[in-house]
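Visitor: okay, sequence plus prediction incoming.
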Amino acid sequence: MQLRSDNVTKGVERAPNRSLFYACGYTDEELSRPLIGVVSAYSEIVPGHIHLDKIAQAVKDGVRMAGGTPILIPSIGVCDGIAMGHIGMKYSLASRELIADSVETMAMAHCFDGLVLVPNCDKIVPGMIMAAARLNIPAIVCSGGPMMAGINSENEEISLSSMFEAVGARKAGIIDDNKLDFITKNACPGCGSCAGMYTANSMNCLSEAIGIALPGNGTIPAVKSARIQLAKKAGMQIMQLIKDNITTRQIINEKSIRNALTVDMALGCSTNSVLHLLAIANEAGIELNLDIINKLSSKTPNLCHLAPAGPTHIQDLDNAGGIKAVMAELAKDNLIDTSLMTVTGNTVAENIKNAVNRNTNVIRSIENPYSKTGGIAVLWGNIAQDGCVVKRSAVAAEMLTHSGPARVFDCEEDAINAIYNSNIHKGDVVVIRYEGPKGGPGMREMLNPTSALAGMELDKDVALITDGRFSGASRGAAIGHVCPEAASGGNIALINEGDIIEIDIPNNSINVKLTDEQLDERRKNLILREPNIKTGWLSRYSRLVSSASSGAVMK
């Protein structure tokens, strides 16, 4: 079999290349086998990654068992929770592009025959998948698995969203320092991606739905032995993909992207999943826009209310049957294409044929959904002519429609100070702008403001809109990705304090109560703010990044 790695291991001309492999300790026997890049995001700063050394080792064991030579290479990874609320969050989304570029660089420079991608947290998963789609070589994702939920003093499951909301509750005097300290020390009990249906777990589940990861990848807890077994199987399976010459774009295509979006709607995933699926589609050469999301949402029932939308967590989803059970429910109404190939070497239909929904309180049946429409909605209007996104499943019923005065802030810090100082009142619509991909730069997540509102028990009375984005841990009428963004002259830059904003999520609309003539008049006096970072690579990112409506990819 002709291998990509022959370019660095075979022939007289490649003797210098081989000499450097020998310098690393590789043997002739190892160099005669397919070379598999095991891309690990292990580090000691991200809870979701602190155990990836063990996952990567299990992958390597699997590769060796199946006759390949595993070669470990690193990837960076930002912890969004630690980066939240300060300048560090500007680097989070932007890091996705660095990750994709670095995986491409290592794979092309060293002629790997295949890749096993070992990510876990928010931007690392899509960044690695983007690289795999770009490279179009055999590849498989094996994530690190979700964290177990914590337990509060009332013996209820809690997770990171509970932690952020506790800050708002403390600021409002609803809880005291002792309770805050207890939650702080118990919300995140160990390794794994934070336990709710936040961005990391959303993308790990959607990796499985799109077919680029083995069944169980999205939900098997990080601490279970089944996660190590999954990693060994992934290492073995990459060898089969190479033998059968199954490459990434044979798996990631227009139909599998639709499958992923449909599962997204059923699960109620993070709104960040929209950004990432758009970016993955772009790398795979697939045309995808925001219009398709509402079309799929209109016919896809929401089957799960995982934290922060409800009290259950990823471990509960795993116990209920996992993503296979969710896809089996969707297949009953022919909402997904079950004929598609996956990295198992089998079709979706073959993967889910024995799936069982073991808990219809966690995974509602297709006949009894939480709602007849999906968990994510795209809104349009004179504020967001190119669209904006809301996690509909995490919005209280009374906030699905809302009208109120705008409270306008040109950065996250000013908004959070106003919230903490009790300057936001029932009925208000908080507007945070100049936080988009270009204007931020980096499109920060607004978890602190949304969680403060929830902790202060204002999430059923106050809406928040931004050209930035939200953590999957946000709940309430949190509407992000407003496009065009303020820094590009979008109409969100024209909103003044006190303007009335009308939100109608069921009818997919969002408008400021101004005429086109009034907006045009304001535009004559508009002076756009420059990004507040003018050095380093974020400055370059600001100049090259596209709109959130196309995935915030670098052009």
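Guide: That came through, no problem.
Visitor: what does the pLDDT read for the most centrally placed residue in the chain?
Guide: With distances taken as CA atoms, centre = their mean, Thr199 lies nearest the centre of the chain, 3.5 Å away. Model confidence at Thr199, expressed as pLDDT, equals 97.
Visitor: show me where the stretch 151-300 of the chain has strands.
Guide: If DSSP state E, counting those that start in this stretch is used as the criterion, the strands of the stretch 151-300 of the chain fall at 157-158.
Visitor: returning to what we had before: quick one: contacts for the residue nearest to the centre of the chain?
Guide: Taking CB atoms under 8 Å, 6 or more residues apart in numbering as the contact definition, Thr199 lies against Asp80, Asp122, Ser270, Asn272, Ser273, Ser471, Gly472. (C-beta placed from N, C-alpha, C; glycine too.)
Visitor: what of Ile252?
Guide: With contact taken as CB under 8 Å, 6+ apart, Ile252 is in contact with Ile129, Ala132, Ala133, Ile210, Gly211, Ile212, Ile280, Ala284, Ile286.
Visitor: now do the helices in the stretch 351-500 of the chain.
Guide: Shown for the stretch 351-500 of the chain, the helices assigned by DSSP state H, counting those that start in this stretch span residues 412-420, 447-455.
Visitor: which of the ones you listed sits most buried?
Guide: Comparing the helices of the stretch 351-500 of the chain by mean neighbour count (mean count of other CB atoms under 10 Å), helix 447-455 comes out on top with a mean of 27.
Visitor: what's that helix in contact with?
Guide: Identification of contacts with helix 447-455 by CB under 8 Å, 6+ apart yields 84-85, 161, 164-172, 174, 412, 415-416, 419-420, 424, 430, 432, 459, 462, 464, 470-471, 473-476, 478.
Visitor: recalculate using a threshold of 7 Å.
Guide: The contact list for helix 447-455 (CB atoms under 7 Å, 6 or more residues apart in numbering) reads 84-85, 161, 164-169, 171-172, 412, 415-416, 419-420, 430, 432, 459, 462, 464, 470-471, 473-476, 478.
Visitor: and the angle for it with helix 412-420?
Guide: Helix 447-455 and helix 412-420 meet at an angle of 10 degrees, taking axes from the mean of the first three to the mean of the last three CA atoms, to 10 degrees as the criterion.
Visitor: may I have helix 447-455 exported as PDB, CA atoms only?
Guide: Only the C-alpha atoms of helix 447-455 are listed here, as PDB (Å, rounded to 0.1, in the frame of the first residue of the first chain):
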ATOM      1  CA  LEU A 447     -21.100  34.300  30.600                       C
ATOM      2  CA  ASN A 448     -20.400  36.700  33.400                       C
ATOM      3  CA  PRO A 449     -23.300  39.200  32.500                       C
ATOM      4  CA  THR A 450     -25.800  36.400  31.700                       C
ATOM      5  CA  SER A 451     -24.900  34.400  34.800                       C
ATOM      6  CA  ALA A 452     -25.100  37.600  37.000                       C
ATOM      7  CA  LEU A 453     -28.600  38.300  35.700                       C
ATOM      8  CA  ALA A 454     -29.600  34.700  36.400                       C
ATOM      9  CA  GLY A 455     -28.100  34.700  39.800                       C
END
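Visitor: pretty sure Ile99 contacts Pro126?
Guide: No: the pair Ile99 / Pro126 is not scored as a contact, 8.5 Å apart, by CB atoms under 7 Å.
Visitor: okay, these two: which has more neighbours?
Guide: Neighbours were tallied for Ile99 and for Pro126 using other CB atoms under 10 Å; the higher tally belongs to Pro126 (29 against 26).
Visitor: sorry, back to before: closest to Asp264 out of the helices of the stretch 351-500 of the chain?
Guide: Closest to Asp264 of the helices of the stretch 351-500 of the chain is helix 447-455 (CB to CB; 19.7 Å).
Visitor: so for Lys534, what's the pLDDT?
Guide: 88.
Visitor: helix, strand, or coil at it?
Guide: Put simply, Lys534 is coil when judged by DSSP: H, G, I helix; E, B strand; the rest coil.
Visitor: out of the contacts of Ile252, flag the one nearest to Glu350.
Guide: Closest approach between these and Glu350, by CB to CB: Gly211, at 11.6 Å.
Visitor: circling back: which of the contacts of helix 447-455 are buried?
Guide: When the contacts of helix 447-455 are checked for burial by 16 or more other CB atoms under 10 Å, the buried set is 84-85, 161, 164-169, 171-172, 412, 415-416, 419-420, 430, 432, 459, 462, 464, 470-471, 473-476, 478.
Visitor: what sits against Asp122?
Guide: Applying CB under 7 Å, 6+ apart, the residues near Asp122 are Asp80, Ser92, Thr199, Ala200, Asn272.
Visitor: what number of residues lie near Gly77?
Guide: Counted with other CB under 10 Å, the neighbours of Gly77 add up to 27.
Visitor: do the same with Leu206
Guide: Burial measure for Leu206: 30 neighbouring residues, criterion other CB under 10 Å.
Visitor: kindly report the same for Ala107.
Guide: Here the count is done by other CB under 10 Å, and Ala107 has 23 residues near it.
Visitor: residues contacting it?
Guide: The neighbourhood of Ala107, defined by CB under 7 Å, 6+ apart, consists of Gly37, Leu115, Leu135, Ile137.
Visitor: what kind of secondary structure is it in?
Guide: Reducing the assignment to helix, strand or coil with three-state DSSP, the entry for Ala107 is helix.
Visitor: how close does it get to Gly345?
Guide: The spacing between Ala107 and Gly345, counted by CB to CB, to the nearest Å, is 22 Å.
Visitor: what do you get for Ile124?
Guide: Separation of Ile124 from Gly345 (CB to CB): 26 Å.
Visitor: cool, and Ile500?
Guide: The separation that Ile500 has from Gly345, given CB to CB, amounts to 56 Å.
Visitor: was I right to think Cys191 contacts Val46?
Guide: No: between Cys191 and Val46 there is no contact under CB under 7 Å: 9.5 Å.
Visitor: the more surrounded of these two?
Guide: More neighbours surround Val46 than the other of Cys191 and Val46, with 25 against 22 (other CB under 10 Å).
Visitor: contact partners of the longest strand seen in the chain?
Guide: Criterion DSSP state E: the longest strand present in the chain is strand 401-409. If you take CB under 7 Å, 6+ apart as the criterion, strand 401-409 is touched by 415, 418, 424, 427-432, 463, 477, 495-506.
Visitor: no further queries at this time; thank you.
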